[in-house]
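Engineer: structure for the following, please:
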Amino acid sequence: MSQVMAPPWLDVLDETIGACVTHRRPDLEARLREKRAQQLDPKLRVLVVGESKQGKSQLVNALLNAPVCAVGDDITTTVPTFVQHADTPSAALVRNASAGGSIFHTPTERIAVPIDQVTKQAAAQHVLRAEIGIPRALLDSGLVLIDTPGVGDTRSAHTASTFATLMQADAVLMVSDATGELTAAEMTLLKKVMEACPNVTVVVTKIDLVPSWRAVVERNRALLARAGVRAKLIPVSSALRLRAAKTGDQRLNTESGFPELVTCVQSDIVASADLLARRAVAMVASSALTQLVTPLREELTAHDSSHTVATISTLQEAQRRVDELRRRSARWQNVLNDEMADLISDVEYDLRDRTRKILREVDKTYDEADPAIGWDKFEQWLEDNLNEAATTNFSWLMERAEWVAAKVARNFPVYREDLIPGSVLPDDLLEPASKLEKPKIEPFSVPQKLFTGLRGSYGGVLMFGLVTSLAGMPLINVISLGAGALFGGKSILDESDQRLKRRQAAAKAAAQRHVDDFFMKFSKDVRDSGRHIQRSLRNHFSTLAEELQETLLESARSAKRAVQDDQTERERRLREGRKELDRLVTLYKRVQALGGPAMELTA
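Structural biologist: The predicted structure follows:
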């Protein structure tokens, strides 16, 4: 087995990792080591991202001319789907071997499944990703196409899985359809994507459905130019591409725009794998070096003898900022606790109110209707209304959770838009409740009706027969028989009414039990989700607070050392600090030479 040769630019990355170790930044070190391990992987991962229903899965199918990703109005990608080369078609689901963990750093197990069942079975709990292997020349060089869940889906855990996968991407295809120009949300998504992976191509899909797609493409190019986003934009039609592949029509294939996209993938991504890797390494290394230089420059400024007074002021300011951070940390924690308690209470009350309205409709319905007629339609109506109540309630939970996260972020010591976490929601809600049990419906058969009629008619015949016998008529005569018939008919009607009321009561009781079971299960899910959201937000903001506190404490320690050191020690540390700063600046310039962002960092 041949040994994989390490890319030459890893020397620069290794030096940056060493600098992080020297400056005691294990968080930056871990991030860089993860990027280094990715560079040794021969696979080239290309992520296909975008909002829901933009044609991402169909784009992957059209690129490979194979129905590897399921598409349809009622089908949604729920986990990242990795499509790579294999000699024979195969598919597998990768799931957690233990509860918890991330997409790439947890014990996993692979379960083989039929390719046409991947999307359906991927919705199961603890599935991290789907893997599909097919024999295609485009994938033969190690290219891996990754279809991702739509960003912005109400099931926000799927959005989180997309961003987790993004950290491992070598290049990205950002998908937006031609029905309209790039929205503000899509531009925000594009900028976030480029912060994690600078190698992005924008693909405009569904041009076959929009006659004015060229104008949309031009407006998109203008938007990208105004935003300063340097990304190639390619318009395509997956439908035309698949039709051309089926009929062998080269003109139609050219009209689909896919030859340009395939050329872009082959030349700008596959053939430029080294360049893409250098850019990614340059971006993550530049960010790390910038964070290392800032406290070092502050320390050097503090050590300068001409800045003694400023040094004392810096120490006091650093200590004040640390105290302010601790004071405001208690504030955002109180806001989080109070808001989450209100959120759980409000959401549970909303669910109770919705289920009560459903039960009132059930009572109104079965005050008149007969459960023996149309029970199946009623059962479907009840399930649809309960599912709608659960979906609406869960959507409100999600919206309020995002609002709570934003409010907590505003109470954080340093407010920025990127403080808000990408997702705080679990992915195991909206599981179906137990099936509605059909109530026992008493039949009222013809023999039962005959027996009830005979029993009721007996009294009528006897009563009127005795009365007419006083007039000299026989016991059984026309009048007594007529009375018996009337009494028998009334008995049948009374028994029918009693049985109807019993059926209605049984139907209401069955619906009540079913709604109570639904409320008990879903309200527990809501409470569990609320606790999960609270823990996620608490852990997220606690981590940010710890990082901020560590930065402030390091600045305070640097200022304190500068005040306490004598002149000789101060000059020695000044020489060493400037030497280290020069080394970091030189290393930063080497990083920039790899193809990183055009930023300036000076000593």
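Engineer: where does the stretch 351-500 of the chain have low pLDDT?
Structural biologist: Under the criterion pLDDT under 70, the flagged ranges of the stretch 351-500 of the chain are 413-472, 475-481, 483-485, 487-500.
Engineer: which stretches of the stretch 151-300 of the chain form helices?
Structural biologist: For the stretch 151-300 of the chain, the helices defined by DSSP state H, counting those that start in this stretch cover 156-166, 184-196, 213-226, 238-247, 250-255, 258-264, 273-303.
Engineer: to residue 362, which of those helices lies closest?
Structural biologist: Among these, helix 156-166 comes nearest to residue 362, with 32.9 Å by Cβ to Cβ. Backbone N, C-alpha and C define where each C-beta goes, glycine included.
Engineer: distance of residue 169 from residue 332?
Structural biologist: With distances taken as Cβ to Cβ, to the nearest Å, residue 169 is found 32 Å from residue 332.
Engineer: whoops, residue 66 was the one
Structural biologist: Counting by Cβ to Cβ, the gap from residue 66 to residue 332 is 50 Å.
Engineer: okay, those two: which has more neighbours?
Structural biologist: Between residue 66 and residue 332, residue 332 has the larger neighbour count (other Cβ atoms under 10 Å), namely 22 against 18.
Engineer: so after the host helix or strand of that one, what's the next helix or strand?
Structural biologist: Taking DSSP states H and E as the definition, residue 332 sits inside helix 308-365. Later in the chain than helix 308-365, the nearest helix or strand by DSSP H and E is helix 375-410.
Engineer: what residues are up against residue 130?
Structural biologist: Residues in contact with residue 130 (Cβ atoms under 8 Å, 6 or more residues apart in numbering) are 79-82, 91-94, 118-119, 122.
Engineer: at 6 Å instead, please
Structural biologist: By Cβ atoms under 6 Å, 6 or more residues apart in numbering, residue 130 lies in contact with 79, 81, 93, 118, 122.
Engineer: how about those residues in CSV, adding distance to residue 43, pLDDT and neighbour count?
Structural biologist: What follows is the contacts of residue 130, written out as CSV (distance: Cβ to Cβ, whole Å; pLDDT from 0 to 100; neighbours: other Cβ atoms under 10 Å):
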residue, distance to residue 43, pLDDT, neighbour count
79, 18, 81, 27
81, 15, 88, 27
93, 19, 87, 23
118, 19, 78, 22
122, 21, 73, 23
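Engineer: picking up where we left off before, JSON lines for the helices of the stretch 151-300 of the chain, including mean pLDDT?
Structural biologist: Supplementary listing: these in JSON lines, determined by pLDDT from 0 to 100:
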{"stretch": "helix 156-166", "mean pLDDT": "63"}
{"stretch": "helix 184-196", "mean pLDDT": "85"}
{"stretch": "helix 213-226", "mean pLDDT": "91"}
{"stretch": "helix 238-247", "mean pLDDT": "90"}
{"stretch": "helix 250-255", "mean pLDDT": "91"}
{"stretch": "helix 258-264", "mean pLDDT": "90"}
{"stretch": "helix 273-303", "mean pLDDT": "74"}
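Engineer: among these, which is nearest residue 501?
Structural biologist: Going by Cβ to Cβ, the one of these nearest residue 501 is helix 156-166, 47.9 Å.
Engineer: residue 90 is in contact with residue 132, isn't it?
Structural biologist: No: counting by Cβ atoms under 6 Å, residue 132 is not a contact partner of residue 90; they are 7.4 Å apart.
Engineer: between these two, tell me which one has more neighbours.
Structural biologist: Taking other Cβ under 10 Å, residue 90 and residue 132 do not tie; residue 132 has more neighbours (23 against 14).
Engineer: skipping adjacent residues, who's closest to residue 277 in space?
Structural biologist: Excluding its sequence neighbours, the residue lying closest to residue 277 (Cβ to Cβ, 6 or more residues apart in numbering) is residue 39, at 5.7 Å.
Engineer: and what of residue 49?
Structural biologist: Of all residues not flanking residue 49 in the chain, residue 148 sits nearest, at 5.3 Å (Cβ to Cβ, 6+ apart).
Engineer: how many neighbours does the one you found have?
Structural biologist: Applying other Cβ under 10 Å, I find that residue 148 has 26 neighbouring residues.
Engineer: ok, it to residue 127 distance?
Structural biologist: 14 Å.
Engineer: repeat that for residue 225.
Structural biologist: Counting by Cβ to Cβ, the gap between residue 225 and residue 127 amounts to 40 Å.
Engineer: could you do residue 364 as well?
Structural biologist: Where residue 127 is concerned, residue 364 sits at a distance of 43 Å (Cβ to Cβ).
Engineer: more neighbours: these two, which one.
Structural biologist: Neighbour totals were compared for residue 364 and residue 127, and residue 127 leads with 19 against 10 (other Cβ under 10 Å).
Engineer: so what pLDDT did the nearest residue to that one once chain neighbours are set aside get?
Structural biologist: Nearest residue to residue 127, sequence neighbours excluded (Cβ to Cβ, 6+ apart): residue 95, at 4.8 Å. pLDDT, residue 95: 81.
Engineer: could you do the one 5 residues further on as well?
Structural biologist: Turning to residue 100, the model gives it a pLDDT of 45.
Engineer: kindly report the same for the one 3 residues further on.
Structural biologist: Taken from the predicted model, the pLDDT recorded for residue 103 is 44.
Engineer: can you offset everything so residue one is 3?
Structural biologist: Shifting the count to begin at 3 puts that one at residue 105.
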